[in-house]
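K.L.:
this one's sequence-less:
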């Protein structure tokens, strides 16, 4: 076979493969276009309105959906993408709570000890101007003494000195000051200043050191009468302002010369003035602090039937603000300690251990049964309702105990050593909560929560039978009181005369 014949046979053998290939391509092309044409025709007939319903072709079934199970990571990512705002809120809130918890724990565990001299003796002095009968005064005195301070408690009478001595602590000492006598008070302050400037030794014949006044703590009385304003006699208001308002103001007034004196060890007569100034500045470890305690729950919301406490605490708060403004240029910091509710279980009987600013019912609270019928009709039901309210007792909810006294003790020490520099410190259960309530919650809502309701059934007016302190003619006693006031015009304070003769001059009192 020649080569030409072999080439012809190869061409003939490749023809079937080429024909098959071209035929497949033509078939695929025809099938594709026919299928597209069929789908187009089917869709046109299915959507044509002129074709009857029964003759319209049915659409092809949708392709099956194959679901692949997502992994745990994919599910978590999908949940995070759907709840971005919730996660942001939780993270921010959790971070804030964790930070506050860490800060509170660190502050709670912080070692708190007063300075000591090189010979081991105590050198920091704190004065507490508060009644030794108050549980707050006793607890704070004992705590500051345990932390290394020499504590002086202001005693206005011999009985107060005995109560301070009964604490049986050598570094808790009475400081006798009669603030009703300005001359006597000045002499007592001078003697106390000389005591601070004198050198002291921890042991006999030991190395001597000087004392430094660190703080003056003012604790006014915390017991107040709860009663409608109309049932409180004028004598009670006079006694209240004398004991709860005037006495704290005169006490801090007596200490102001001592606070602004920059006490230090006395320099020898031959020392130059500038050497004396440097000696005074080097001996003092900073200006003494002034701490003013006031109950804050009642004065924040000013509820009904708490006029004595609300009036006195508001006046003391205003007095503290003025005192702060006057002492700030002198470099003497003043801190207003607004107190909540504390647990005094270790200092008072169980019936009175939970309240700091409310006395036990029946001791200083008014007895509605002794009121006249007109007063009971006007105020009796609302007074009973608010007396049973947790808000009136300074609690957040019934049965809730007060804060631990350690919280107050730590706050006082931090103010004294300079860790807390804020001008106002709220401490104790309910102090911050009721401060917020008093600032933002409507007063009507607060009264409604205390059970105060509208009274429509009032007693008829029967007139005021007999003499009364309101609108009565000028009596000999009032004339004598005015004469005494004129005679005492040069005194540093005005004494309110006793008003025992008008104890029954209540406008609701029926003779």
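P.N.:
Thanks, I have it. Bear in mind that the values here come from a model prediction, so they are computed numbers and not experimental data.
K.L.:
going by C-alpha atoms from here, please, whenever you check contacts or count neighbours.
P.N.:
Will do.
K.L.:
how about the contacts made by residue 451?
P.N.:
Contact analysis of residue 451 by CA atoms under 8 Å, 6 or more residues apart in numbering lists 382, 385, 386, 389.
K.L.:
and residue 376, how many neighbours?
P.N.:
For residue 376, the neighbour count with other CA atoms under 10 Å is 18.
K.L.:
and it, what pLDDT?
P.N.:
Confidence at residue 376, expressed as pLDDT, is 79.
K.L.:
name the SS class of it, please.
P.N.:
With DSSP: H, G, I helix; E, B strand; the rest coil as the basis, residue 376 sits in helix.
K.L.:
do residue 151 as well
P.N.:
Using three-state DSSP, the three-state assignment for residue 151 comes out as strand.
K.L.:
distance check, it against residue 180.
P.N.:
Residue 151 sits 23 Å away from residue 180, going by CA to CA, to the nearest Å.
K.L.:
quick one: which of these two has more around it?
P.N.:
residue 151 (25 against 16).
K.L.:
mind checking how far the more buried one is from residue 168?
P.N.:
Taken as CA to CA, the span from residue 151 to residue 168 is 13 Å.
K.L.:
just checking, next helix/strand downstream of the strand or helix carrying residue 22?
P.N.:
Per DSSP states H and E, residue 22 falls inside helix 3-47. Sequence-wise, the next helix or strand downstream of helix 3-47 (DSSP H and E) is helix 72-82.
K.L.:
what's the offset of that next one from the middle of its chain?
P.N.:
Distance of helix 72-82 from the chain centroid (CA atoms, centre = their mean, to the nearest Å) equals 42 Å.
K.L.:
then stretch 37-50?
P.N.:
With CA atoms, centre = their mean as the basis, stretch 37-50 stands 79 Å off its chain's centre.
K.L.:
which residues touch it?
P.N.:
Residues from elsewhere that reach stretch 37-50 (CA under 8 Å, 6+ apart): 51, 56, 57, 58, 59.
K.L.:
distance-wise, check residue 106 relative to residue 73.
P.N.:
Noted for residue 106: a distance of 38 Å to residue 73, by CA to CA.
K.L.:
same question, residue 144
P.N.:
57 Å.
K.L.:
looking at those two, which is more packed in?
P.N.:
Set residue 144 next to residue 73 and count neighbours by other CA under 10 Å: residue 144 wins out with 23 against 9.
K.L.:
just the element for the more buried one, please.
P.N.:
If you go by DSSP H and E, residue 144 is part of helix 135-146.
K.L.:
select only the buried ones of the contacts of residue 451 in ChimeraX?
P.N.:
A single ChimeraX command is used to select the members of those judged buried by 16 or more other CA atoms under 10 Å:
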select :382,386,389
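K.L.:
can you redo the contacts of residue 451 as a markdown table with distance to residue 119?
P.N.:
A markdown table is the format used below for the contacts of residue 451 (distance: CA to CA, whole Å):
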| residue | distance to residue 119 |
| --- | --- |
| 382 | 63 |
| 385 | 60 |
| 386 | 57 |
| 389 | 55 |
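K.L.:
please narrow the contacts of residue 451 to those residing in helices.
P.N.:
382, 385, 386 (DSSP state H).
K.L.:
let me know the closest of these to residue 291.
P.N.:
For the ones in helices among the contacts of residue 451, the minimum distance to residue 291 (CA to CA) is 31.6 Å, reached by residue 386.
K.L.:
that closest one is in contact with residue 452, isn't it?
P.N.:
Yes. Counting by CA atoms under 8 Å, residue 386 touches residue 452, with 6.8 Å between them.
K.L.:
give me the below-cutoff pLDDT ranges for the stretch 151-300 of the chain.
P.N.:
203, 263-286 (pLDDT under 70).
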